[in-house]
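Undergrad: pasting the structure only:
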């Protein structure tokens, strides 16, 4: 009996020691006890939060509503009606769900201002993690529901209309879009090394976009590593693959105005970081420019 007790004690001691080593390896911290079920400040959301105090008044002043959301009241109502079902959640015995109107207003305010979740927390009196979930979910819904409507695959008629816009505004015939990348600053993702560290000396993901003459996006590629060049991103993107495979429904080549030579293809204009291809036009490299290449002529 004594031997059994001694063996049990040793086994229990080994178990505790092993558990303690695992805790050290995982760098576990004891969970903090919650001081409040709902923080006293957040509990005042219905009386003092921006949505509950401003939303109704803003709707009565369209110019102020536009300044707050960067969207007209009518556009907001149309957008809300198309998303209401997927932004509506059930109430529970513990708390009421956040309304679709408030979810959309919080997301639009984040997109319009770029304020941090911590800043929006004090404006709308919602938890920071709650705002994070609301913004992520609403943005996902916006993209999945409106992608085909807002950014459809251009047809031949669409490309011709875009080309007419560039010809009118920039005197650049047969141009179907301007291509460039934009670095979006982010916090360094865990265990990412230097993949997101760009040449501007900060961490980012790249938004590569093709825009028309009115600065509206035609196609986008989002999320590439900040350390990757725009040309490489374009080359490996679905946009670049479809352009090389001639799957973008581009119009047939046509003659340039005032030129009697052979028809010229429709092209995308980009900076010197991109490769010159039949459908991508780029300037001459900046090094070693002679007068003929530096100064445009009408010859």
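TA: Structure's in. What do you need? Just so it is clear, the model here is predicted, and its values are computed rather than measured.

Undergrad: so what's residue 41 up against?
TA: The contact partners of residue 41, by C-beta atoms under 8 Å, 6 or more residues apart in numbering, come to residue 125. No exception for glycine: its C-beta is placed from N, CA and C like everyone else's.

Undergrad: how near is it to residue 122?
TA: 8 Å (C-beta to C-beta, to the nearest Å).

Undergrad: helices of this structure, residue ranges please.
TA: 2-26, 45-48, 50-59, 62-69, 73-83, 100-113, 117-124, 128-150, 156-170, 230-236, 238-244, 291-294 (DSSP state H).

Undergrad: could you save those helices as CSV and add columns showing mean neighbour count?
TA: Shown next, in CSV, are those (neighbours: other C-beta atoms under 10 Å):
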stretch, mean neighbour count
helix 2-26, 9
helix 45-48, 13
helix 50-59, 16
helix 62-69, 15
helix 73-83, 14
helix 100-113, 20
helix 117-124, 17
helix 128-150, 14
helix 156-170, 15
helix 230-236, 18
helix 238-244, 16
helix 291-294, 9
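
Undergrad: looking at those helices, which is nearest to residue 285?
TA: Among those, helix 291-294 comes nearest to residue 285, with 9.1 Å by C-beta to C-beta.

Undergrad: give the rounded mean pLDDT of the closest one.
TA: Mean pLDDT, computed over helix 291-294, is 70.

Undergrad: could I get the helices of the chain as JSON lines with distance to residue 201?
TA: Converted to JSON lines, the helices of the chain look like this (distance: least, C-beta to C-beta, whole Å):
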{"stretch": "helix 2-26", "distance to residue 201": "33"}
{"stretch": "helix 45-48", "distance to residue 201": "40"}
{"stretch": "helix 50-59", "distance to residue 201": "36"}
{"stretch": "helix 62-69", "distance to residue 201": "34"}
{"stretch": "helix 73-83", "distance to residue 201": "38"}
{"stretch": "helix 100-113", "distance to residue 201": "25"}
{"stretch": "helix 117-124", "distance to residue 201": "25"}
{"stretch": "helix 128-150", "distance to residue 201": "27"}
{"stretch": "helix 156-170", "distance to residue 201": "33"}
{"stretch": "helix 230-236", "distance to residue 201": "17"}
{"stretch": "helix 238-244", "distance to residue 201": "27"}
{"stretch": "helix 291-294", "distance to residue 201": "31"}
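
Undergrad: residue 89 is nearest to which of those helices?
TA: Closest of the helices of the chain to residue 89 is helix 100-113, at 8.8 Å (criterion: C-beta to C-beta).

Undergrad: average model confidence for that closest one?
TA: Here the average pLDDT along helix 100-113 is 94.

Undergrad: likewise for stretch 218-236?
TA: Across stretch 218-236, pLDDT averages out at 93.

Undergrad: quote the end-to-end distance of it.
TA: 18 Å (C-alpha to C-alpha, to the nearest Å).

Undergrad: try stretch 80-95
TA: From its first residue to its last, stretch 80-95 covers 23 Å (C-alpha to C-alpha).

Undergrad: tell me how far it lies from the chain's centre.
TA: Mean C-alpha position of stretch 80-95 versus that of the full chain (C-alpha atoms, centre = their mean, to the nearest Å) differs by 24 Å.

Undergrad: swap in stretch 45-65?
TA: In terms of C-alpha atoms, centre = their mean, the centre of stretch 45-65 is found 27 Å from the chain centre.

Undergrad: I'd like the average pLDDT over that stretch.
TA: For stretch 45-65, the mean per-residue pLDDT is 90.

Undergrad: on that earlier part again, of all the helices of the chain, which lies closest to residue 92?
TA: helix 128-150 (14.3 Å).

Undergrad: check which helices and strands that closest one sits against.
TA: helix 73-83, helix 100-113, helix 117-124 (3 or more C-beta pairs under 8 Å, 6 or more residues apart in numbering; DSSP states H and E).

Undergrad: go with 6 Å
TA: Contacts defined by 3 or more C-beta pairs under 6 Å, 6 or more residues apart in numbering; DSSP states H and E place helix 128-150 against helix 100-113, helix 117-124.

Undergrad: so for residue 182, which of these sits nearest?
TA: With C-beta to C-beta as the criterion, residue 182 lies closest to helix 100-113 of the helices and strands packed on helix 128-150, at 15.2 Å.

Undergrad: from the chain's centroid, how far away is the closest one?
TA: Relative to its parent chain, helix 100-113 has a centroid offset of 15 Å by C-alpha atoms, centre = their mean.

Undergrad: contacts for that helix, please.
TA: Outside helix 100-113, the residues that touch it by C-beta atoms under 6 Å, 6 or more residues apart in numbering are 51, 69-70, 80, 84, 87-88, 124, 134-135, 138.

Undergrad: same list, those residues, but as a markdown table with distance to residue 185 please.
TA: Shown next, in a markdown table, are these (distance: C-beta to C-beta, whole Å):
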| residue | distance to residue 185 |
| --- | --- |
| 51 | 28 |
| 69 | 23 |
| 70 | 20 |
| 80 | 30 |
| 84 | 33 |
| 87 | 28 |
| 88 | 33 |
| 124 | 24 |
| 134 | 22 |
| 135 | 17 |
| 138 | 22 |
